[in-house]
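Student: need the 3D shape of this:
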Amino acid sequence: MSAAPPARILPEVAVLVDTSRSYGRDIVRGIRRYVAEHGPWSLYLEPRDLRSGFPDWLKNWRGHGVLSRTVDETLLRHLKATRLPVVELRTTVLKHRFPYVGMDNSLIGARVAEHFRERGFRHFGCVLDTSEAFFIQRSERFAQSVRELGHACPVFESTRANWPQHQRELAAWLRALPKPAGVFAVNDQLGFWVLDAARRAGLAVPEELAVVGAENDNMLCETASPPLSSVRLRGQAVGYAAARLLGEWMSGKRVPEPGEQHFHAPGDIVTRQSSDIVAVEDARIAAALRFIRQNAAQSLDVTAVARACSLSRSVLERRMKSLIGRSPGEEIARQKFALVEQLLAHTGLTLEAIAAKCGFTHPQYMAEAFRKRTGLTPGQFRKRHAG
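Tutor: This is a model prediction of the structure:
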């Protein structure tokens, strides 16, 4: 009788990744996908925030590897003490020789500069959080890209000591920028604060200030008013690549070089209302765009827009088409259907209620026009984007 094959050792892996933000959760999804394809692994995973420390029980743990976003010296010291394979997922100034897998943060700044350039902006600003080296990388590359376009890039360094004072100072800085301006906030938290400060300063977003953040944290971006455009980080790709590197290391297939680095380019910019604009310095057309955005949900027509910005209909049509490539009627429809998409994705309202909120008399007409614009019925769009 032949002997049974030896039992396969189940790798035990600790995942010390913050799950309080979208990027960390996406990293975990990428790890999960790798394990589903190449596992099984036994994973230690718990809800964590950006400042969570080293779990006490792991001090004497006899596992096989760790995937970590390390935030402080205490956690780093414990990781070194394990003498296990550790793959780092957070760029940091902490001294270690763990291999690193993560985002190329310098490309984030360049991508935002290009986003604004494509929309015709010639005035810029950057709001910087100096607490992390990778925030500084994003800011420096954005400023460099703007200067290469021949423009200045003033920078506001954010402090968190006193919230009301911070917002007053930020509002004053935003007010002083030449308009219209494209403002890059190096993370979505700052982007949220920039939009609040713009509101305090009485500045119209996106007509006077277009704002883009980074990391595409859904909670922050979609709670912001108006919703915040942001650079999508490819967390799932990072998580998958880090798990693959750790898997090869634990199996002995490949031992990484000390301190080797693997950078992933960021994803696209998720354009929401905060930057969904073409920069125009024509005050009358800027007023027309603002009026359309504020009133698109009403029964709005081009004559009302022309009256609001004190132009004849023919002049409005000609100047708007020349400046943004769309007629007033096309812009009204674009704004209406953007609101329809928002309500389909983020509410459970019926089509009748959505039609009423968006200025459509007949839900059937709205549904058919929506299908022609998007290629999806409202129901199909809701299933795809609900959350």
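Student: quick one: stretch 210-217 to chain centroid distance?
Tutor: Put simply, stretch 210-217 sits 5 Å off its chain's centre (CA atoms, centre = their mean, to the nearest Å).
Student: go on, stretch 226-236?
Tutor: For stretch 226-236 - counting by CA atoms, centre = their mean - the centre lies 2 Å from the chain centre.
Student: just stretch 67-84 next, same as before
Tutor: Centroid separation for stretch 67-84 versus its chain: 28 Å, with CA atoms, centre = their mean.
Student: ok, the nearest residue to Ala296 once chain neighbours are set aside to Cys358 distance?
Tutor: Leaving aside its sequence neighbours, Ala296 sits nearest to Gln335 (CB to CB, 6 or more residues apart in numbering; 3.6 Å). All C-beta spots, glycine's among them, are computed from the backbone N, C-alpha and C. Distance check for Gln335 against Cys358: by CB to CB, to the nearest Å, it reads 9 Å.
Student: now do the shared contacts for these two.
Tutor: Ala296 (CB atoms under 8 Å, 6 or more residues apart in numbering).
Student: circling back to that earlier point, three-state assignment of the residue nearest to Ala296?
Tutor: helix (DSSP: H, G, I helix; E, B strand; the rest coil).
Student: Val13 versus that one, what's the distance?
Tutor: Using CB to CB, one obtains 48 Å as the distance from Gln335 to Val13.
Student: how many residues are close by Pro363?
Tutor: Using other CB atoms under 10 Å, Pro363 is surrounded by 16 other residues.
Student: and if you look at Arg199?
Tutor: Count around Arg199 with other CB under 10 Å applied: 15.
Student: surely it is in a helix?
Tutor: Yes. Applying three-state DSSP, one finds Arg199 inside a helix.
Student: who's in contact with it?
Tutor: Counting by CB under 8 Å, 6+ apart, Arg199 touches 205, 225.
Student: now the phi/psi pair for Arg77, please.
Tutor: With angles defined as degrees, to the nearest 10, Arg77 sits at phi -60, psi -40.
Student: likewise Leu67?
Tutor: phi -110, psi 120.
Student: got the contact list for it?
Tutor: Leu67 sits next to 13-17, 31, 86-87, 89, 239, 242-243, 246 when contact means CB under 8 Å, 6+ apart.
Student: same question, Gly213
Tutor: 184-188, 190-192, 220-221, 228-231.
Student: dump those residues into JSON lines; add neighbour count and pLDDT as well.
Tutor: Formatted as JSON lines, the contacts of Gly213 follow (neighbours: other CB atoms under 10 Å; pLDDT from 0 to 100):
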{"residue": "Phe184", "neighbour count": "34", "pLDDT": "98"}
{"residue": "Ala185", "neighbour count": "30", "pLDDT": "98"}
{"residue": "Val186", "neighbour count": "30", "pLDDT": "97"}
{"residue": "Asn187", "neighbour count": "27", "pLDDT": "96"}
{"residue": "Asp188", "neighbour count": "26", "pLDDT": "97"}
{"residue": "Leu190", "neighbour count": "24", "pLDDT": "96"}
{"residue": "Gly191", "neighbour count": "27", "pLDDT": "97"}
{"residue": "Phe192", "neighbour count": "21", "pLDDT": "97"}
{"residue": "Leu220", "neighbour count": "22", "pLDDT": "95"}
{"residue": "Cys221", "neighbour count": "21", "pLDDT": "94"}
{"residue": "Leu228", "neighbour count": "27", "pLDDT": "96"}
{"residue": "Ser229", "neighbour count": "26", "pLDDT": "96"}
{"residue": "Ser230", "neighbour count": "29", "pLDDT": "97"}
{"residue": "Val231", "neighbour count": "27", "pLDDT": "96"}
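Student: rewinding a little: inside helices: which ones of the contacts of Leu67?
Tutor: When the contacts of Leu67 are checked against helices (DSSP state H), the matches are 31, 239, 242-243, 246.
Student: and those, which two are the farthest apart?
Tutor: Of all pairs drawn from the ones in helices among the contacts of Leu67, the widest gap by CB to CB lies between Gly239 and Leu246 and measures 10.7 Å.
Student: and the strands in the stretch 201-350 of the chain?
Tutor: Assigned by DSSP state E, counting those that start in this stretch, the stretch 201-350 of the chain shows strands spanning 209-214, 229-231, 261-264, 269-270.
Student: out of those, which comes closest to Asn60?
Tutor: Among the strands of the stretch 201-350 of the chain, the nearest to Asn60 by CB to CB is strand 261-264 (30.7 Å).
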